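Trainee: Here you go, sequence then predicted model.
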Amino acid sequence: MSVDLATVKRVAKLARIALPDDEAGRVMDELNGILGFVEQLSEVNVDGVEPMTSVMPMAMRKRVDAVTDGAKAEDIVANAPQTDRNFFMVPKVVE
């Protein structure tokens, strides 16, 4: 895949980047070089290679998936003007 000058200008406009005409040619060459490198990477045989998250093998740290109240109900309502059994008390509003 290669990028032409019109595509470079369109991408620059979408990205809200001011791109003078004299620099557009240089950017086009750089983008084509990057896309050429990506095409080379797609030719590499990766059959049997597992995806990895790091170059060093490690186990992901995970917390226990348990539903709790946070054990901080008293701390949460501590500054409320009125509470009842760890619930906020608000005046009734009827309109």
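Mentor: Cool, the structure landed. Bear in mind that the values here come from a model prediction, so they are computed numbers and not experimental data.

Trainee: List phi and psi for Phe87.
Mentor: Backbone torsions of Phe87, given as degrees, to the nearest 10, read phi -110, psi 150.

Trainee: Relative to Asn32, how far out is it?
Mentor: 64 Å (C-beta to C-beta, to the nearest Å). No exception for glycine: its C-beta is placed from N, CA and C like everyone else's.

Trainee: neighbour-wise, which of the two wins?
Mentor: Neighbours per residue (other C-beta atoms under 10 Å) separate Phe87 from Asn32, with Asn32 holding more: 15 against 11.

Trainee: The more buried one contacts Ser2, correct?
Mentor: Yes. The pair Asn32 / Ser2 is scored as a contact, 5.2 Å apart, by C-beta atoms under 8 Å.

Trainee: Which residue ranges of this structure form strands?
Mentor: Remark: strands assigned in the chain by DSSP state E are 83-84, 87-88.

Trainee: how far is the helix or strand bottoming out on mean pLDDT in the chain from where the chain is centred?
Mentor: Lowest on mean pLDDT, DSSP states H and E among the helices and strands of the chain sits helix 73-76, with a mean of 89. Centre-to-centre, helix 73-76 and its host chain are 33 Å apart (C-alpha atoms, centre = their mean, to the nearest Å).

Trainee: For Glu30, the count of nearby residues, please.
Mentor: Neighbours around Glu30, by other C-beta under 10 Å: 12.

Trainee: okay, it: pLDDT?
Mentor: Looking at Glu30, its pLDDT reads 94.

Trainee: What's the biggest helix in this structure, counting residues?
Mentor: helix 21-42 (DSSP state H).
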